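Visitor: 3D model of this:
(chains A and B)
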Amino acid sequence: MPVAFTLNGAAVEVKAPEGMTLLQALRGPLGLSGPRFGCGQEACGSCMVTLDGEARPSCTLPLEAAAGRAVGTVEGLGTPEAPHPLQAAFLAEQAGQCGWCLSGILVSAAALLRRNPDPDEAAVREALEPHLCRCGAQNRIIRAVLRAARVGAPA
Amino acid sequence: MNLAYTFAMGPAGNAPDLPGSLRAEPRLSRWLRFSADGTVTLTPGKVELGQGILTALAQIAAEELDVAPARLRVVPAVTGASPDEGVTSGSLSIQESGAAIRQASAEARAIHLGLAAGRSGVPAEAIRVEDGTFLAPDGSAIGSYWAQAEDALLEVEARGDVAPKPATDRRIAGQSLPRLDLPDKVFGVPRYLQDMRLPGMLHARVVRPPARAATLTGVREGPLPGGATMVRDGSFLAVVAGEEWAAEAAAARVAARAEWEVRESLPEENALAEWLAATPAQASEVARRDDPAPPAAQAVSARFQRPFIAHASIGTCCAVARWAEGALEVWTHSQGVYNLRADLALVLGLPPESITVRHMEGAGCYGHNGADDVALDAALAARAHPGRPVRALWSREEELGWGPLSPAATAEIEAAVDAEGMLCRWRMVLRGNGHSSRPGRAKQPTLLAAPYLDPPQPWPVAIDAPIAAGGGGQRNAVPGYAVPSLDVEMHRLLVMPLRSSALRGLGALLNVWAIESVMDELAEASGQDPVAFRLRHLEEDPRAAAVLREAAAMCGWPRAADGEGVGTGIAVARYKGTGAWCAVAAEVEAAEVVRCRRLWIAADVGEAINPDGAVNQLEGGALQAVSIALKEAVRFDRMNVTGTRWEDYPILRFSEVPAVELRLIGPQDAKPLGAGEPSLGPTIAAIAGGIHAALGIRPRAMPFTPDNLAAAME
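Guide: Here you go, the predicted model:
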């Protein structure tokens, strides 16, 4: 059964075998790199995407669950030429080391700023709690999200 | 080899004293080349692990060459074409690769200016270089690296007779340039090895045995999804499929059909100290001093214990391999492409020259994780599919359960102060497995799959580097404090039930904590302030004293108790005794669990090539140490590691991350020292000190969980 949904604003359709996860579809037939495999247990946040604007892990989510919905990934946030304020802020703060966790964290942070354009530090920590960063860049990441909020994220 | 040039350099044994890795790889063309398009290509043998090394190396070259950093292209290491710089580890990349690139760049610049001088008649010393263009004193352009980009110019060996710029002239090295690799990572651009997609690429998954000691006796027949096929060699079992979902689904089915003979081979998790004490070991003297010592007035004796700890990368290990006409090509995020090649050659029975190993970035590894192991997995799977690239990716269970582990250990210390409150005697005995199972260093391969093959190739028992090379279990076991009578002994285990290897900090995680705890206890026993007590013993190491004073000032030492169950500890160490100095103060809140609320860190890394990068590394090391100190222990039963999900191996989360204030106080004209590891030991030790200040308990076992603290009270 082909599954149709919007991916970063564009209509897509994937013919997928039964049991394929949304993450497998995004990294496989849809050719994205931003959503990453980290655990397959919804426990690290590497694979975070938005589903109708809400952040959620994609590693165990059946692809069918995305049918008719809007899926967002880090690729949909911005580009080097036109970065999302979060991406600009992460670069300004040099928020990251190995960078593995960043695409998921950016997705969660963008969902946070849409919901709460002026979060305090506690709200940022709470929104990022599902994410693991082993390099220890958390304080920079929190500063970057707060910086992006000050600059103002687009709707 | 250019014999004429060798002759001109004089007889062997008269080689110039070259810095860093240039000694082993003196040919300038091995390190850099200029292109007519106005770019400089750097080819270091060290690799990017998320620590920002490529940016720092580009800065060093840009500085010495006087070119804009944007002109630098840094090529990932590959066997053959890149200099062999061994392993990217030990906080040594700036010392080894940076020093080589600095000298090679200075010599390349001198060679180019010499040529421009000869062609233009302007003396070389009168030529100014502006972003790669050579300017005469009147400002006219008389050449450039790009116009003279003939490869042959750098086909010479370094001579060591050109001095790099003095510290005061540096404009690029010493600046916090943005990381070269970060934009891709922020925009989701494919950059990691895990993102690489080659035409015709197949996907492999390994089916691991249910126990460490296991023999595959059979696999029940049955269909596999997506055209997947099985690969079997002895007890090594894998599946290969055209699509990733099919490989994962097939691995699950094969795992359910595989039949194994298993036996117990692991120690009791809850009796590690007893196991360590009872296991045969090789004893060695780490340090001994027998100067006359005054009699002891107060003595302290304590045993400290640490568990097995996992690297716990957030991404799982990955490799791609392709066999074609007897040659093997491997893409890896290993820390050492040549070392991996050597072990692949051993396992596969190939001449090393027929294997090409290419580095690509992966998730942070924090030491020797499964990056090398998965490369053998990929090679074994690819051997069954000649001509096709095969990508192997580990599961989370493999990442936490099958990668090399940082070994459990104990450290026993007996130490004393004299009537003046000065250290007079110090004895330390360490026990544990070695900290290196790195590939490429033994006659037997150390790669995970090797003992499961037919015929089996057993792992060598992990070793420890000599202390002069940084040590392993004995790293930082020699206290940096003056003491007349000193005896440090190490017992390296001769059996290895859990494969152990290097994790960021190695022995320093245990040793700095143990030493600093005993220093606190001796200060308390003799009625001295712990900072003042340490400073009395650091007169011969003023840079250690300086970072300790700085951290003490930053946290407002001595800190008044800030509420019940809150306390601050402080600790200092010079990493490896030869690296960077770091002091950490930690504010700890002990309620149901212990939380680290704040860290104050002062470090002296000498010249910081990229200060923001150094700060990032030091803070990252400290936060990993907070996680290790408070949360981490590998769980296992007699058969296998059981803590293979994040819920069974919890690490620090956003809600638990302390605020960090960090200052670099090193002199910019001092030798640069690595920043990746110096903060871990002092952070663990400062947290232990904070726990004592908060609760009156001296932690004796990591992690500092309620259970382990309760045991320490008994």
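Visitor: so which helix or strand takes in the most centrally placed residue in chain A?
Guide: Among the residues of chain A, the one closest to the centroid is residue A:107, at 2.6 Å (C-alpha atoms, centre = their mean). Here residue A:107 sits within helix A:102-115, counting by DSSP states H and E.
Visitor: so who does the closest residue to residue B:677 other than its chain neighbours touch?
Guide: Nearest residue to residue B:677, sequence neighbours excluded (C-beta to C-beta, 6 or more residues apart in numbering or on different chains): residue B:91, at 4.6 Å. For the C-beta atoms, the positions are set from N, CA and C on the backbone; glycine is no exception. Counting by C-beta atoms under 8 Å, 6 or more residues apart in numbering or on different chains, residue B:91 makes contact with B:575, B:579, B:580, B:673, B:674, B:675, B:676, B:677, B:678.
Visitor: and the second one, backbone torsions?
Guide: For residue B:579, the backbone dihedrals (degrees, to the nearest 10) come out as phi -100, psi -140.
Visitor: how far away is it from residue B:353?
Guide: 35 Å (C-beta to C-beta, to the nearest Å).
Visitor: check the first one too.
Guide: Applying C-beta to C-beta, the value for residue B:575 to residue B:353 is 37 Å.
Visitor: higher neighbour count, the two?
Guide: residue B:575 (30 against 11; other C-beta atoms under 10 Å in any protein chain shown).
Visitor: can you check the pLDDT for the more buried one?
Guide: Per-residue confidence at residue B:575 stands at 98 (pLDDT).
Visitor: now do residue B:559
Guide: The model's pLDDT for residue B:559 equals 89.
Visitor: can you check residue B:189 too?
Guide: Listed pLDDT for residue B:189 reads 96.
Visitor: what's it in contact with, if anything?
Guide: A:33, B:183.
Visitor: phi and psi next, for it.
Guide: Residue torsions, per degrees, to the nearest 10, at residue B:189 are phi -70, psi 140.
Visitor: likewise for the one 5 residues further on?
Guide: Dihedral angles phi and psi of residue B:194 (degrees, to the nearest 10) take the values phi -60, psi -20.
Visitor: shouldn't it be in contact with residue B:318?
Guide: Yes. With contact defined as C-beta atoms under 8 Å, residue B:194 counts as touching residue B:318 (4.6 Å).
Visitor: mutual contacts of those two, please.
Guide: Shared contacts of residue B:194 and residue B:318, counting by C-beta under 8 Å, 6+ apart, come down to B:362, B:393.
Visitor: can you list the domains in chain B?
Guide: Segmentation of chain B into domains, based on automatic domain parsing, reads B:3-184, B:194-263+B:317-394, B:279-309+B:405-435+B:471-713.
Visitor: still on that earlier bit, of residue B:194 and residue B:318, which one has the most company?
Guide: More neighbours surround residue B:318 than the other of residue B:194 and residue B:318, with 27 against 24 (other C-beta under 10 Å).
Visitor: domain assignment for chain A?
Guide: Taken from automatic domain parsing, chain A resolves into A:2-76, A:85-151.
Visitor: and residue B:643, how many neighbours?
Guide: Counted with other C-beta under 10 Å, residue B:643 comes out at 20.
Visitor: and the gap between it and residue B:400?
Guide: 6 Å.
Visitor: check the contact lists of the two and give me the overlap.
Guide: Joint contacts of residue B:643 and residue B:400 (C-beta under 8 Å, 6+ apart) are B:310, B:634, B:649.
Visitor: any stretches of the chain with poor pLDDT?
Guide: All of this is about chain A. By pLDDT under 70, the low-scoring segments of chain A are A:153-155.
Visitor: chain B is the one I meant
Guide: B:1-15.
Visitor: by contact count, what packs against the helix or strand where residue A:89 lies?
Guide: In this structure, residue A:89 sits in helix A:85-92 according to DSSP H and E. Here helix A:85-92 touches helix A:102-115, helix A:138-151, helix B:182-187, going by 3 or more C-beta pairs under 8 Å, 6 or more residues apart in numbering or on different chains; DSSP states H and E.
Visitor: most surrounded residue in the shared contacts of residue B:643 and residue B:400?
Guide: residue B:310 (24 neighbours).
Visitor: so of the domains of chain A, which one's packed in deepest?
Guide: domain A:85-151 (a mean of 23; mean count of other C-beta atoms under 10 Å in any protein chain shown).
Visitor: now the domains of chain B in JSON lines, with distance to residue A:114?
Guide: Formatted as JSON lines, these follow (distance: least, C-beta to C-beta, whole Å):
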{"stretch": "domain B:3-184", "distance to residue A:114": "23"}
{"stretch": "domain B:194-263+B:317-394", "distance to residue A:114": "27"}
{"stretch": "domain B:279-309+B:405-435+B:471-713", "distance to residue A:114": "19"}
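Visitor: list the buried ones in the helix ranked longest in chain B?
Guide: Ranked by number of residues, the top helix in chain B under DSSP state H is helix B:99-120. Buried residues in helix B:99-120, counting neighbours by 16 or more other C-beta atoms under 10 Å in any protein chain shown, are found at B:99-113, B:115-117, B:120.
Visitor: please name every helix or strand in contact with it.
Guide: Looks like helix B:99-120 contacts strand B:32-34, helix B:53-65, strand B:133-135, strand B:141-144 (3+ C-beta pairs under 8 Å, 6+ apart).
Visitor: pick the most buried one from those.
Guide: Of these, helix B:53-65 is the most buried (mean count of other C-beta under 10 Å), at a mean of 26.
Visitor: ok, now which ones touch the closest residue to chain A within the stretch 251-400 of chain B?
Guide: Nearest residue of the stretch 251-400 of chain B to chain A (C-beta to the nearest C-beta) works out as residue B:364 at 3.4 Å. Contacts were defined as C-beta under 8 Å, 6+ apart; by that measure residue B:364 touches A:97, A:98, A:100, A:134, A:135, B:49, B:50, B:51, B:313, B:314.
Visitor: with residue A:49 instead?
Guide: A:22, A:26, A:35, A:55, A:56, A:57, A:58, A:71, A:72, A:73, A:107 are the contacts of residue A:49 under C-beta under 8 Å, 6+ apart.
Visitor: helix/strand/coil for the fourth one?
Guide: Here residue A:55 is strand, with the state taken from DSSP: H, G, I helix; E, B strand; the rest coil.
Visitor: enumerate the residues of the stretch 251-400 of chain B near chain A.
Guide: B:312-316, B:361-364, B:366, B:393, B:395-396 (C-beta under 8 Å from any C-beta of the partner chain).
Visitor: could you dump those residues to JSON lines with secondary structure?
Guide: Compiled in JSON lines, those are given as follows (three-state DSSP):
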{"residue": "B:312", "secondary structure": "coil"}
{"residue": "B:313", "secondary structure": "coil"}
{"residue": "B:314", "secondary structure": "coil"}
{"residue": "B:315", "secondary structure": "coil"}
{"residue": "B:316", "secondary structure": "coil"}
{"residue": "B:361", "secondary structure": "coil"}
{"residue": "B:362", "secondary structure": "coil"}
{"residue": "B:363", "secondary structure": "coil"}
{"residue": "B:364", "secondary structure": "coil"}
{"residue": "B:366", "secondary structure": "coil"}
{"residue": "B:393", "secondary structure": "strand"}
{"residue": "B:395", "secondary structure": "coil"}
{"residue": "B:396", "secondary structure": "helix"}
